[in-house]
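Colleague: Sequence and computational prediction follow.
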Amino acid sequence: MLTRAAARAGRGQIQQSLMSSAASDLSERQQLTVKHDLDSCELLIEMPGSDAKAYLQYDHGPDGVVDLQHTVVPESFRGKGVAKILAKAAFDYVVEQDLKMKLSCWYLQKYIKDNPSSEHVARVVE
């Protein structure tokens, strides 16, 4: 289990590029920032031009296992790669903190099947 000090050492913001093929409020290439709220166990993206946010919730369990539980993207922003950005940020956090991960979220199970990075797959537990 991570100590609060060790978790804060991993705190930060991650910028990912979002490619959007649909015409919408998002520009064709939009920088989105993933914020990591360690106290709430949540990775989140504040959606541009909106009060909405996309988020991924997790919980720290025993033996250094992070249970990645829910990924939520506002309906108007779905299909634009936002969930992928959250998934990659969560998986990278698990690797950086040398943890294991349980994928309770159906989207994350699909994501890792479609994007099987060896460093991420090796950290999945049942």
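Modeller: Great, that's in hand.
Colleague: what number of residues lie near residue 106?
Modeller: Residues near residue 106, counting by other C-beta atoms under 10 Å, number 10. C-beta coordinates here come from the backbone N, C-alpha and C atoms, glycine included.
Colleague: Mind telling me which residue is nearest the centre of the protein?
Modeller: residue 86 (2.7 Å; C-alpha atoms, centre = their mean).
Colleague: roughly how far apart are that residue and residue 70?
Modeller: 10 Å (C-beta to C-beta, to the nearest Å).
Colleague: Mutual contacts of these two, please.
Modeller: Contact criterion C-beta atoms under 8 Å, 6 or more residues apart in numbering; residues shared by residue 86 and residue 70: 55, 56.
Colleague: low pLDDT regions in this protein?
Modeller: Residues of the chain meeting the criterion pLDDT under 70: 1-30.
Colleague: That one: strands as residue ranges?
Modeller: 13-19, 29-37, 42-46, 53-60, 65-72, 100-103, 124-125 (DSSP state E).
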